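Structure, please.
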Amino acid sequence: MPAPVILWLRRDLRLSDHPALAAALAQGAPVIPVFIRDAGVDGLGAAPKFRLGLSLQALAGDLEAVGSRLILRAGPAREVLEDLARQTGAGAVHWSRLYDPETTERDSRVKSALRDAGLRATSHAGHLLFEPWEVETGQGGYYKVFTPMWRNVKDRDLPQPRPAPAHIPAPDRWPDSDRLADWQLGAAMDRGAAIVARHVDAGEAAALARLSVFIRDRAEDYARSRDFPGRDGTSDLSDHLSLGEISPRRCWHAALRAAQDGKAGAETFRKELVWREFAYHLMYHTPQLLDANWRPEWDGFDWDRDARSARVRAWKQGRTGVPFVDAAMRQMYVTGRMHNRARMIAASYLTKHLLCHWSIGAEWFRDCLVDWDVASNALGWQWVAGSGPDAAPYFRIFNPDTQAAKFDPGGSWRRAWIAEGQADPPQTARSWYAAIPRHWALSPDQPYPEPVVSLSDGRRAALEAYARHKVE
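Numbers count the residues shown, from 1 in each chain. As a prediction, this is how the structure comes out:
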């Protein structure tokens, strides 16, 4: 029997359309799937780590159904992989690429070390539609503006997604594995885990089902309905894409077929997939996107950087006194998600009306979102704050009240998440009190707070700060 092959799983927690898995199977040898709990996993925020645990549980079941199993190991990736290769006699390691600077640097070191140890070490595409070095402007650089990038890639041919294997050959003897329950990936969620779990459906089967429902029922009206937080107008695929439970290529081809069937919103959905690509390409080429102003001219802007201030606390707790913002923040705490329109309003309010630095919001989302994505989170916050790649960065100051009148005209979405003032608040609003930390000491019978700052005063202060910055 040929030497086993190690499949190092990361954010590619699926069996279908999986280039690294296909390459491992092509060797005609037993395949040993392994997930490593390293410093990167330990450093995840509470909600993303909790969501990862659910995904690993689902993947373990999928692997067992095709004659395989998921091996869990903890420690530095290089040491774990070398130790696993020694134990199993493996001759090769395959994995899917990731693109944040910390991971790419680590992967480069791991690949060199494995090759020095006599192993074949190969990384593969799969997390993106297009590799960041494969999409260039006419001058040869990366795209800094979304629309030209979209025009460049929208008509490119992409291979059809591959089906999942019916069987994965197993080794004669499986190596030892940690128990997923012992990792306690949801521990930091405390009592909120049980609340958020009601709104999560993890795994590849769930992802494929959601894609099918979206194409069948929502793609036609997607371009318009996706802006209304109270409607089922989005794909609900963000957490699946973040963890690689579904490939972007499968989503792309599903949208192409929907467009051929005359579903008008399918192209808008493809644009959203490319927006995700845009975030990753920017992160790859300009890694400062993650922790510094993408536009360095914003380094001197007078943002408040006190993450413990009273106004930041009010924003995090969904008690700013601005119902659209508060509903968004509470929805996130109950479901682990926030509607994209609501994200823009909540982010604009923090960075402009409250003049707080975008990194404060990015870090909070990193802790609270089950669909947290390293590149999309950073780009979204910088785009809204004005420090990112936006043609009109600062004068876009969303007014939460006018946004509410347009996208939640009857107020049903806000009432779904804000209990105060309602004689019989819905379960969604009451769930928030069961999910939040006890030390917040909040209850639905308390009065709704007065605004931290009036919308007119907040807008005026933001524009004055911008004017001072431009003068200086």
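
Which stretches in the stretch 251-400 of the chain count as helices?
Taking DSSP state H, counting those that start in this stretch, the helices of the stretch 251-400 of the chain run over residues 266-285, 310-316, 323-335, 340-348, 358-368, 374-385, 400-407.

And the stretch 51-200 of the chain, by the same measure?
77-88, 101-116, 146-153, 180-183, 192-197.

out of the ones you listed, nearest to Val41?
Distance to Val41, taken as C-beta to C-beta, is lowest for helix 180-183 among the helices of the stretch 51-200 of the chain, at 8.7 Å. All C-beta atoms are positioned from the backbone trio N, CA, C, and that covers glycine.

got the buried residues for that closest one?
180, 183 (16 or more other C-beta atoms under 10 Å).

neighbouring contacts of that helix?
Residues outside helix 180-183 that contact it (C-beta atoms under 8 Å, 6 or more residues apart in numbering): 37, 53, 56-57, 60, 72, 74.

Now with 6 Å, please.
For helix 180-183, contacts defined as C-beta atoms under 6 Å, 6 or more residues apart in numbering pick out Leu56.

now stretch 219-235
Here stretch 219-235 has contacts from 214, 258, 263, 265-266, 268-269, 339, 341-342, 407-408, 412-413, using C-beta under 6 Å, 6+ apart.

export that stretch as PDB, just CAs?
Extracted as PDB, the C-alpha positions of stretch 219-235 are listed here (Å, rounded to 0.1, in the frame of the first residue of the first chain):
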ATOM      1  CA  ALA A 219     -32.400  35.200  -6.400                       C
ATOM      2  CA  GLU A 220     -35.100  36.800  -8.600                       C
ATOM      3  CA  ASP A 221     -35.600  39.700  -6.200                       C
ATOM      4  CA  TYR A 222     -32.200  39.700  -4.600                       C
ATOM      5  CA  ALA A 223     -31.000  43.000  -5.900                       C
ATOM      6  CA  ARG A 224     -33.900  44.800  -4.100                       C
ATOM      7  CA  SER A 225     -34.800  42.600  -1.100                       C
ATOM      8  CA  ARG A 226     -31.200  42.200   0.200                       C
ATOM      9  CA  ASP A 227     -31.300  45.700   1.600                       C
ATOM     10  CA  PHE A 228     -34.300  45.100   3.900                       C
ATOM     11  CA  PRO A 229     -33.200  43.600   7.200                       C
ATOM     12  CA  GLY A 230     -36.700  42.300   8.000                       C
ATOM     13  CA  ARG A 231     -37.000  40.200   4.900                       C
ATOM     14  CA  ASP A 232     -35.500  36.800   3.900                       C
ATOM     15  CA  GLY A 233     -33.800  38.400   1.000                       C
ATOM     16  CA  THR A 234     -30.200  37.300   1.300                       C
ATOM     17  CA  SER A 235     -28.400  34.100   0.600                       C
END
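
quick revisit: most neighbours per residue, which of the helices of the stretch 251-400 of the chain?
helix 323-335 (a mean of 26; mean count of other C-beta atoms under 10 Å).

what is the orientation angle of the longest strand belonging to the chain with helix 77-88?
Scanning the chain for the strand with the most residues, using DSSP state E, yields strand 31-37. Note on geometry: by axes from the mean of the first three to the mean of the last three C-alpha atoms, to 10 degrees, strand 31-37 and helix 77-88 are set 150 degrees apart in direction.

Who are the packing partners of strand 31-37?
Of the remaining helices and strands, those touching strand 31-37 by 3 or more C-beta pairs under 6 Å, 6 or more residues apart in numbering; DSSP states H and E are strand 5-9, strand 71-74, helix 77-88.

any chance of those in a markdown table, with distance to Asp116 and mean pLDDT too?
Output for the helices and strands packed on strand 31-37, formatted as a markdown table (distance: least, C-beta to C-beta, whole Å; pLDDT from 0 to 100):
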| stretch | distance to Asp116 | mean pLDDT |
| --- | --- | --- |
| strand 5-9 | 16 | 98 |
| strand 71-74 | 21 | 98 |
| helix 77-88 | 10 | 98 |
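
can you state the direction angle for the longest strand of the chain and strand 5-9?
40 degrees.

Return the distance of the helix or strand that comes right after strand 31-37 from the chain's centre.
Downstream of strand 31-37, the first helix or strand assigned by DSSP states H and E is helix 39-42. In terms of C-alpha atoms, centre = their mean, to the nearest Å, the gap separating the centre of helix 39-42 from the centre of its chain is 16 Å.

Quick check: which ranges of this structure have low pLDDT?
391-395, 471-472 (pLDDT under 70).
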